[in-house]
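Visitor: turn this into a structure:
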Amino acid sequence: MSRNPTSPVGLDEWLDFFQDKSLPVRASTAARLNKALDQASSNLLTLAPIIRTDPVLCLHVTRAAQALLSDKEGKIAGIDHAVQTLGFDRITQLLSQVTSFRLNPASTVHTLFMRAVADSHHASTQAADWQDRKNASNTEEVRLAALLYGFIHWCAWLYTPLHKEAYQRKVIDEGVDVALAEYDVFGCTLQELGYRLAQQWKLPELTVEALSHDTSPSSSLLNKLHLKAMGDPRLDGKDLREVNHFLQQPFFAVKLANWLALTATRGWNTPKARRLYEIIGDYLRLDQNDTLARLHSTCAESARQYHLPGVLSPASELLFIPSAQPTPGILRKAERQQLQETVPAVSSLGQTDAPSAEPIPASDLPTTPAPAKFLDQALYDNLTATLRQPDSNFRKADQVLKMLLQGLHEGLGMSRVSMMQINQHQLKPLISKGFDNQHPLTRYTNNLEIPSLFKRLCDKPTCLWYNYRTYNRLMPMLPADFESCLPSHDWLIMSLFGPSGPLAIIYADQGEQAPPMAEFYFERFRYLGSSAAQALKQLPQE
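Guide: Numbering: from 1, shown residues only. Here you go, the predicted model:
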């Protein structure tokens with residue numbers, strides 16, 4: 001039996017994998033379009049409504065039309081514009097080159113591929129409705145951009161269903177954040193991959209702009225959006241102007257509609273969905289009841305416009321059957337075994353020979369932790385006192401960090417300590433004590449734009465103790481490649497801030513097979529860390 005093709009890992013490899021892939025159009029749509037092209041009475045105005053019924057065909061037509069305009073620096077502003085740009089002959093030629101698709105009701109992959117397309121149609125319908133309500137002049141451009149925004153999910157379900165299933169399991173079964181789950185499975189976020197692929201495929205400018213992480217709101221801006229939606233009087237002046245400027249950008253409606261479509265597939269009444277309703281209501285200037293009624297009716301309209309027997313967007317299902325749960329995207333066993341011969345398998349990103357951080361049942365833990373004592377209490381006390389002196393005259397952060405590292409390793413007696421530097425949204429290794437030279441933590445890096453424990457540590461000074469009591473809370477936030485670096489039992493971690501923001505993260509444990517840690521170590525780790533943080537705040541501004 002043949003084995004899975006080698007799985008790509010990381011943004012560049014996935015980009016190479018997907019760049020020459022083609023998506024199939026519905027056979028029924030292709031047949032209707034061919035018939036219209038053969039009729040003498042047809043004109044371009046009769047072709048556009050047929051093309052618009054299939055989002056995948058819209059993608060092909062848009063790409064072909066945009067390619068014609070690329071030399072003229074023009075942009076496609078809607079499906080009607082794309083059809084007018086191509087004309088009869090080019091549309092006929094395009095249709096002869098694309099493959100057609102008939103849904104196999106027994107194929108979970110077929111169903112989930114079409115559901116992903118249905119979700120994009122839902123987002124497009126919502127975005128167009130919002131623009132109509134606001135009497136915007138770019139409704140068709142926004143409709144098309146919102147439709148194509150999720151094309152990378154169509155590609156992923158069709159060509160890498162095992163990866164998408166692994167992603168679904170992380171999100172649904174393990175409660176991992178969606179972006180972190182994508183990063184764990186693919187080695188990059190699908191939005192980032194979609195952005196790069198949209199550039200290569202020359203998709204419309206608004207689609208590319210909406211997919212860019214640079215246009216995504218920061219956590220601070222998201223909080224301001226919610227404050228504005230709630231009418232909080234604390235939001236005024238510069239902050240209010242920042243929010244209003246963001247709301248006026250055309251890409252905002254594209255992003256918001258797709259956030260809604262993807263969130264509603266997991267339930268219309270989740271906390272995340274309700275937060276979106278507040279923002280949408282403020283955006284449309286409607287109260288909560290009118291907002292939800294409008295969203296529901298538009299979702300139903302999308303289901304009527306894009307209908308395929310046996311396929312309905314989970315968001316539409318949840319409208320009419322509140323107690324039902326959407327299909328979570330889990331493949332049948334027989335189908336998974338068959339796919340394992342033809343599509344890439346999920347690679348174990350970041351896995352090494354280091355022990356994994358599996359939870360230890362409380363019944364298996366020693367009844368008492370290891371003895372708690374300083375390795376050198378005099379050194380610990382002296383370093384702590386020095387860090388807390390207001391007139392210590394530290395000039396550089398590395399002086400403080402080295403003193404902290406020494407206090408933890410040689411004073412408190414933590415067997416292994418690692419200092420990681422925060423630099424331009426990247427976490428990079430700085431200096432370590434007690435680790436083997438080949439240990440993965442000494443080379444560990446992390447993208448701080450991906451939601452994870454590290455990103456949360458960078459939001460505010462935080463000190464955490466990982467043990468069997470905190471496992472359930474912390475594990476969903478750990479990147480998969482970081483899990484492979486961890487010992488069998490407890491570890492400590494703390495973020496350190498300087499005058500201008502997050503500066504470093506300090507990690508400590510007692511070795512691979514050490515017994516559970518006594519609270520003695522956590523309290524003194526936190527105290528020495530807070531002493532270093534106090535010294536860092538007093539550093540002169542550069």
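
Visitor: so where's the stretch 351-500 of the chain shaky on pLDDT?
Guide: Within the stretch 351-500 of the chain, the segments meeting pLDDT under 70 span 351-370.

Visitor: apply 80 and report the result again.
Guide: By pLDDT under 80, the low-scoring segments of the stretch 351-500 of the chain are 351-371, 391-392.

Visitor: do the same with the stretch 1-150 of the chain
Guide: The model of the stretch 1-150 of the chain has pLDDT under 80 over residues 1-5, 70-74, 105.

Visitor: which stretches in it count as strands?
Guide: Shown for the stretch 1-150 of the chain, the strands assigned by DSSP state E, counting those that start in this stretch span residues 25-26, 100-101.

Visitor: most tightly surrounded among these?
Guide: Counting by mean count of other Cβ atoms under 10 Å, strand 25-26 has the highest mean neighbour count of the strands of the stretch 1-150 of the chain, with a mean of 22. Where you see a C-beta, it was placed from the backbone N, CA and C, and this is true even at glycine.

Visitor: that one pairs with which strands, parallel or anti?
Guide: Its sheet considered, strand 25-26 pairs with strand 100-101 (parallel) by DSSP bridges.

Visitor: who touches the strand it pairs with?
Guide: Strand 100-101 has contacts (Cβ atoms under 8 Å, 6 or more residues apart in numbering) with 24-27, 30, 56.

Visitor: and it, how far out from the chain's middle?
Guide: Chain-centre distance of strand 100-101: 30 Å, with Cα atoms, centre = their mean, to the nearest Å.

Visitor: returning to what we had before: can you tell me which of the contacts of strand 100-101 is closest to residue 69?
Guide: The closest of the contacts of strand 100-101 to residue 69 turns out to be residue 56 (Cβ to Cβ; 20.9 Å).

Visitor: just the helices in the stretch 101-250 of the chain please.
Guide: Remark: helices assigned in the stretch 101-250 of the chain by DSSP state H, counting those that start in this stretch are 108-133, 139-148, 151-159, 161-172, 178-186, 190-200, 205-211, 219-229, 237-247, 250-264.

Visitor: go through those helices and pick out the most buried.
Guide: helix 139-148 comes out most buried of these by mean count of other Cβ under 10 Å, with a mean of 26.

Visitor: keeping just the C-alphas, turn it into CSV.
Guide: Presented in CSV, the C-alpha positions along helix 139-148 are these (Å, rounded to 0.1, in the frame of the first residue of the first chain):
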residue,chain,number,x,y,z
THR,A,139,-21.3,47.0,-2.4
GLU,A,140,-20.3,44.7,-5.3
GLU,A,141,-16.6,45.1,-4.6
VAL,A,142,-17.1,44.2,-0.9
ARG,A,143,-19.4,41.3,-1.8
LEU,A,144,-16.8,39.8,-4.0
ALA,A,145,-13.9,40.3,-1.6
ALA,A,146,-15.9,38.7,1.3
LEU,A,147,-16.8,35.8,-1.0
LEU,A,148,-13.1,35.1,-1.9
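
Visitor: make sure residue 531 is indeed in a helix.
Guide: Yes - membership of residue 531 in a helix is supported by DSSP: H, G, I helix; E, B strand; the rest coil.

Visitor: looks like it contacts residue 384 (just checking).
Guide: Yes - assessed by Cβ atoms under 8 Å, residue 531 is found in contact with residue 384 at 5.0 Å.

Visitor: in a markdown table, list the helices of the stretch 101-250 of the chain along with distance to residue 75.
Guide: Shown next, in a markdown table, are the helices of the stretch 101-250 of the chain (distance: least, Cβ to Cβ, whole Å):
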| stretch | distance to residue 75 |
| --- | --- |
| helix 108-133 | 17 |
| helix 139-148 | 8 |
| helix 151-159 | 17 |
| helix 161-172 | 31 |
| helix 178-186 | 29 |
| helix 190-200 | 13 |
| helix 205-211 | 5 |
| helix 219-229 | 27 |
| helix 237-247 | 22 |
| helix 250-264 | 12 |
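
Visitor: what's the closest of these to residue 401?
Guide: Minimum separation from residue 401 across these (Cβ to Cβ) falls at helix 219-229, 25.8 Å.

Visitor: only alpha carbons, please: show the closest one as PDB.
Guide: Extracted in PDB, the C-alpha atoms of helix 219-229 (Å, rounded to 0.1, in the frame of the first residue of the first chain):
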ATOM      1  CA  SER A 219      -6.200  43.100  21.000                       C
ATOM      2  CA  SER A 220      -6.200  46.800  22.200                       C
ATOM      3  CA  LEU A 221      -8.200  47.900  19.100                       C
ATOM      4  CA  LEU A 222     -10.700  45.100  19.500                       C
ATOM      5  CA  ASN A 223     -11.300  46.100  23.100                       C
ATOM      6  CA  LYS A 224     -11.900  49.700  21.900                       C
ATOM      7  CA  LEU A 225     -14.400  48.400  19.300                       C
ATOM      8  CA  HIS A 226     -16.300  46.600  22.100                       C
ATOM      9  CA  LEU A 227     -16.200  49.800  24.300                       C
ATOM     10  CA  LYS A 228     -17.700  51.800  21.400                       C
ATOM     11  CA  ALA A 229     -20.300  49.100  20.800                       C
END
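
Visitor: how big is the angle separating that helix from helix 250-264?
Guide: Taking axes from the mean of the first three to the mean of the last three Cα atoms, to 10 degrees, helix 219-229 and helix 250-264 form an angle of 90 degrees between their directions.

Visitor: alright, I will stop here.
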